[in-house]
Each structure stands twice: as structure tokens, then as C-alpha cells.
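Q: I'd like to go over a predicted model; first the sequence, then the structure.
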Amino acid sequence: MEQQLEHAYEEVLRRNPGEAEFHQAVREVFDSLGPVLRKNPRYVDAAVLERLCEPERQIIFRVPWVDDAGRVRINRGFRVEYNSALGPYKGGLRFHPSVYLGIVKFLGFEQIFKNALSGLPIGGGKGGSDFDPRGRSTQEVMRFCQSFMTELYRHIGEYTDVPAGDIGVGQREIGYLFGQYKRITNRYESGVLTGKGISWGGSLVRTEATGYGTVLFANEMLGTKGQDLDGRRVTVSGSGNVAIFAIEKATQLGATAVAFSDSSGYVVDEAGIDLELLKEVKLVDRGRAKDYVDRRPGARLVTDGSIWDVPTDVALPCATQNELDENDARTLLKNGAVAVAEGANMPTTPEALRLFQEAGTLFAPGKAANAGGVATSALEMQQNASRDSWTFEYTEERLADIMRDVHARCAATAEEYGRPGDYVVGANIAGFIKVADAMLAQGVI
Ligand SMILES: NC(=O)C1=CN([C@@H]2O[C@H](COP(=O)(O)OP(=O)(O)OC[C@H]3O[C@@H](n4cnc5c(N)ncnc54)[C@H](O)[C@@H]3O)[C@@H](O)[C@H]2O)C=CC1
Ligand SMILES: O=C(O)CCC(=O)C(=O)O
């Protein structure tokens, strides 16, 4: 079976040149699959690996828009409709200058397994653009979103493909995208996008869900060792949607979050991050880390080195891919970190992951730990379909149940395949089996 996996991986390299992040995401999943393929050769016979590595549809389009100075700008838009074995394509849109096809494909590939693990009927997809929202006015962002949707609308729908937010796309952008979709189609199709505002079809808890879910997963992992987050030091990279609500849930569970970051550096606040201030700086003012430090006595901004230099018990990388490397892992281990849970998608490099695995550190891969976001999007779709809206308490309880289930499924699968405590193997195998079985049942498509 190892030979088949190697052959399939070589084909991925050959067919997708230059897409390093996509190669990395495939490699990490393939590294887990040997035992499951040996046990079920029918997956190999039906070319499930090869099919999983080829998206069902890849859409690339021009996004023209006019900036505030009247100049015409051109960006590139993407939507990769990766796999629909379990439901309509589902996954976020990322607006960031680094976006290219390889990033969208890695995210879409990860999304297939994550969505399978959530236990909800959603397939995998992802999209975005190399548009950089930083420094752009609200009017420019709106014009960009309207142009983006003017092409995207023909590819998406409640039963087809349901985008949501990711880096650079929050409720404001979802609002402009939804408005343009409604205008073009003349349909109030609430279930076409998730992450909407509460008064126009959104779900309570969706904003908080990814960060909350990541922390709940970390707490479940600690629970297997008779420990929890209470009294722990936590470090959270990033200061966007995922990071902020990871800090909030960790604080609710009795931990002290001592550091966060953005692309300008990291902030250490030994007294515990002031969440209200952080929300004001980041969510209201759209400011920088320095704006927090300017208003918070005792906090300091560090503009060189790495946030993972800050001694911590629990590390929550919640910014972006490959942000925690081998050196960072060594430092975290030296400083006694006991758990790492990925709020971001693939934030840990393969070399760093290996070090954590060798050290026996509790390690939650993003496709399991951050599944609460997309799961709550699926709950938003349920509410839209039934024209209902649930309370915060009820929705949060559903999220907590889902995260417990995801944790239990990963742990049980790791155990079954002889790797107890290895959540990477557990998540990859459990997600793979669910998707692969549905693909087999649906024939060669
Ligand atoms: N929003 C969601 O529901 C979900 C997001 N994720 C993942 O979580 C991560 C963060 O996403 P969001 O919080 O939604 O985005 P966001 O746009 O709200 O925040 C992103 C944060 O990461 C930082 N960042 C981005 N690129 C960076 C870079 N190259 N270097 C340093 N810092 C950088 C930004 O300063 C910002 O603080 C991403 O990996 C995303 O794919 C995963 C699951 C769901
Ligand atoms: O809520 C969603 O549909 C997407 C969330 C997402 O992009 C992710 O899980 O990485």
C-alpha cells in the first residue's frame, strides 16, 4: 500500500507543479493512510486516492473593480469545489495577497476531511482572492465584493456550494457578497452563504464557533490526561476572528491568555489579555497590535522573534499556515508546553509536528480542532432551511456536543489503528473513511 500512496503522491506533484501548500496537505494525510488502505484495498481499487486529489471543479476568474481614486484594479478570484460526496461544497473565502491556486487547493483538501469529521452533511470547498483588504476603504471593499460575486453567483447555491468567511472575510464582507447575490438572482436564498448577520439569517455562536471549538477540543485532550485548562498559561497567535474567541473561551475556562499577535509582531500581556480592549482594537477600529499596547499599561509589543518564544502551557496557533516551525516547536517543548491545538489551517510545519509527536505532546490538527466553525455554519444552514433561529445557549450546546464527538471520533480511530493519542492519524483516517465510503457508494463520478 505504501507503494500506491507514493505513486499517488508523485502524481499529485506532477499534476500540480509549484503548489507547495497543497503538496504539504496531501502528504500529511497520505502519511496516515497506510493502515486503512491495507485493511480496505477496495479504496485503492476504486482509485479513491487519485479522485480525492483532483477537485471536482476549479473556477478562476477576473475580479475588476474601481478604487477610491477612480483607478481600475484587477484581482484574481478562485473557488475550488473540491468534493461533494457528503453534501454541497462548503468552506470559506480568503482575501489575502498570498492567495493563489495552491493555497485554495490545500484549504479545500483539508476542508473535505474536516467537514466529514463534523458529522454534518457538508462537502468540501474553498475560495478567495489575492485582494488585500488592508488599507482599503469600506467602499472599496464593498465594490470588490460586489464584483467578486458578479462572477461567483452562477456557481453557488444552497444545494450546490455554500461559501463563508476565512482570513480577510468576516461579517462585513459576507454582507456585501450576500447583498449582491440577492440583487443578481432576485432571491432571498439565506442558505447560500454562512456567517451572515443575526438579523438577516445568521446564526448566534457562528462568530465565536471556531475559536470556542478549538479551546473545547484542547480541553477534551487535556481531559484524557486528567488535566484541564483551568490555571494554565495560553498563547494564541493571530488576533482575528479565530484568535479572539479562542482567548475568550480559554479565559472562561480559567486559563490566562498571555500573548497574541498580528503581522506587525506579538504582544505579551502577563496580566492576561484584556478582551474588551482587544475586541475594540481589532473588531471595531480594525487597528494594529501597537494600538492595544498604547492603551494597556504593562503590555509590550515585540516586533522580532516569534510569539512561540513566550513560555506557555498551551499553544493555540490561530493565524495562518506554517506559522509554527521546527525552532518554535523546540522552544515550546523546552518551556514545557503540554498541548497544541490548531485554530488555523495547517499552521504547524511538518518538521514541528514531528517534534511534537516524538515528545508525546497532545497535538490537535486543525481539521479536527477548528471544525467547530464550519460545523456551526452547517447549523446556520439548518436554521435557514427551517426558517428558524436558535438561542445562543442552545447553539453553543450543539457546538460543544459536536466538538466532544469530533474529539471522541479521532481518539477512537487512533486507538483502533494502533496509534492511541495520535489525533493526526485519528482525524485523517476517520475523515477519509467517511468520505471514501460515500464516494464508493456513489459510483465512479
Ligand atoms: N473564520 C473561521 O471560521 C475559520 C478560520 N480558520 C482558519 O483560522 C485562521 C485565521 O482565520 P480568521 O481568524 O478567520 O482570519 P482573520 O482575518 O479574522 O484573522 C487572521 C489573523 O491572522 C493574522 N495573519 C494573517 N496572515 C498572517 C501572516 N502571513 N503572518 C502573520 N499573521 C497573519 C492577521 O493579522 C489576523 O490577526 C486561518 O488559518 C483560517 O483558515 C479555520 C476554521 C474556520
Ligand atoms: O464556515 C465555513 O463554511 C468555512 C469555515 C472555514 O473556512 C474553515 O473551516 O476553514
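A: Received the coordinates, thanks. Ligands and ions are numbered 1, 2, ... in the order given.

Q: Residue numbers of the chain in contact with ligand 2?
A: Proximity of the chain to ligand 2 (Cβ under 6 Å from any ligand atom) is limited to residues 90-92, 111, 114, 164, 166, 194, 345, 370, 373-374, 377. No exception for glycine: its C-beta is placed from N, CA and C like everyone else's.

Q: any idea how far residue 352 is from residue 237?
A: Note on residue 237: its distance to residue 352, by Cβ to Cβ, to the nearest Å, is 13 Å.

Q: residues in contact with residue 169?
A: By Cβ atoms under 8 Å, 6 or more residues apart in numbering, the contact list for residue 169 reads 92-95, 128, 195.

Q: longest helix of this structure?
A: With secondary structure taken from DSSP state H, the chain has its longest helix at helix 392-416.

Q: next SSE after that helix?
A: Downstream of helix 392-416, the first helix or strand assigned by DSSP states H and E is helix 423-441.

Q: ok, now which ones touch residue 321?
A: Counting by Cβ under 8 Å, 6+ apart, residue 321 touches 21, 103, 106, 344-347.

Q: one step back: name the helices or strands packed onto the longest helix of the chain?
A: Packing partners of helix 392-416 (3 or more Cβ pairs under 8 Å, 6 or more residues apart in numbering; DSSP states H and E): helix 101-117, helix 206-223, helix 366-369, helix 371-385, helix 423-441.

Q: Quickly check: that helix near ligand 1 or not.
A: No. Helix 392-416 stays out of contact with ligand 1 when judged by Cβ under 6 Å from any ligand atom, the minimum separation being 12.0 Å.

Q: Now tell me what touches that helix from outside.
A: Taking Cβ under 8 Å, 6+ apart as the rule, helix 392-416 contacts 117-120, 203-205, 208-209, 212-213, 216-217, 220-221, 224, 368, 371-372, 375-376, 379, 390, 420-423, 425-427, 429-430, 433.

Q: Nearest residue to the middle of this protein?
A: residue 345 (4.5 Å; Cα atoms, centre = their mean).

Q: do you know how far the nearest residue to that one once chain neighbours are set aside is from residue 360?
A: Leaving aside its chain neighbours, residue 345 sits nearest to residue 366 (4.8 Å; criterion: Cβ to Cβ, 6 or more residues apart in numbering). Residue 366 is 20 Å from residue 360, where distance means Cβ to Cβ.

Q: between those two, who's got more neighbours?
A: Neighbours per residue (other Cβ atoms under 10 Å) separate residue 366 from residue 360, with residue 366 holding more: 24 against 10.

Q: quick one, strands of this protein?
A: Using DSSP state E, the strands of the chain run over residues 57-66, 72-83, 89-95, 123-129, 161-165, 233-237, 256-262, 265-268, 300-302, 314-317, 339-341, 362-364.

Q: thinking again about what came up before, contacting residues for the residue nearest to the centre of the chain?
A: If a contact means Cβ under 8 Å, 6+ apart, then residue 345 has 106-107, 110, 321, 366-367, 370 as its contacts.

Q: Let's see that with 7 Å instead.
A: 107, 110, 321, 366 (Cβ atoms under 7 Å, 6 or more residues apart in numbering).

Q: And the pLDDT for it?
A: Looking at residue 345, its pLDDT is 98.

Q: Alongside ligand 1, which residues does the protein contribute?
A: 165-168, 170, 210, 238-243, 262-263, 318-320, 343-345, 370, 373.

Q: If any of those are buried, put those into a ChimeraX selection.
A: Buried subset of those, written as a ChimeraX selection, criterion 16 or more other Cβ atoms under 10 Å:
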select :165,166,167,168,170,210,238,239,240,241,242,243,262,318,319,320,343,344,345,370,373
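
Q: Grab the two from the contacts of residue 321 that are most spread out in space.
A: Pairwise distances across these peak at 13.4 Å for 103 and 347 (criterion: Cβ to Cβ).

Q: count of residues packed around the nearest residue to residue 123 once chain neighbours are set aside?
A: Counting by Cβ to Cβ, 6+ apart, residue 123 lies nearest to residue 84, which is 4.0 Å off, once chain neighbours are set aside. The number of residues packed near residue 84 is 22, by other Cβ under 10 Å.

Q: Dig out what the residue in the chain positioned nearest to ligand 2 forms beta bridges with.
A: Here the chain gets closest to ligand 2 at one residue, residue 92, 2.6 Å apart by Cβ to the nearest ligand atom. In this entry, residue 92 is beta-bridged to residue 164, by DSSP bridges.

Q: Which parts of this protein belong to which domain?
A: Annotated domains of the chain cover 2-188, 211-369 [automatic domain parsing].

Q: Pull the distance from the longest one to the chain's centre.
A: Read it as domain 2-188. Distance, stretch centre to chain centre, for domain 2-188: 12 Å (Cα atoms, centre = their mean, to the nearest Å).

Q: Among the contacts of helix 392-416, name the buried ones.
A: 117-120, 203-205, 208-209, 212-213, 216-217, 220-221, 368, 371-372, 375-376, 379, 390, 421-423, 425-427, 429-430, 433.

Q: Give me the neighbour count for residue 383.
A: Neighbour tally, residue 383, other Cβ under 10 Å: 20.

Q: again, but for residue 225
A: Residue 225 has 11 nearby residues by other Cβ under 10 Å.

Q: Relative to ligand 1, how far out is it?
A: In this view, residue 225 and ligand 1 are 25 Å apart by Cβ to the nearest ligand atom, to the nearest Å.

Q: wait, what's in contact with that residue?
A: Counting by Cβ under 7 Å, 6+ apart, residue 225 makes contact with nothing.

Q: switch to 8 Å and redo it
A: 338, 362.

Q: what's the answer for residue 361, then?
A: Counted by Cβ under 8 Å, 6+ apart, residue 361 has contacts 333, 337-340.

Q: Residue 11 too?
A: Shown in contact with residue 11 (Cβ under 8 Å, 6+ apart): 50, 53.

Q: Residue 230 too?
A: Contacts of residue 230 by Cβ under 8 Å, 6+ apart are 253-255.

Q: Now with 6 Å, please.
A: Counting by Cβ atoms under 6 Å, 6 or more residues apart in numbering, residue 230 makes contact with residue 254.

Q: Also residue 254?
A: Residue 254 neighbours (Cβ under 6 Å, 6+ apart): 230-231.

Q: how near is it to residue 271?
A: Noted for residue 254: a distance of 15 Å to residue 271, by Cβ to Cβ.
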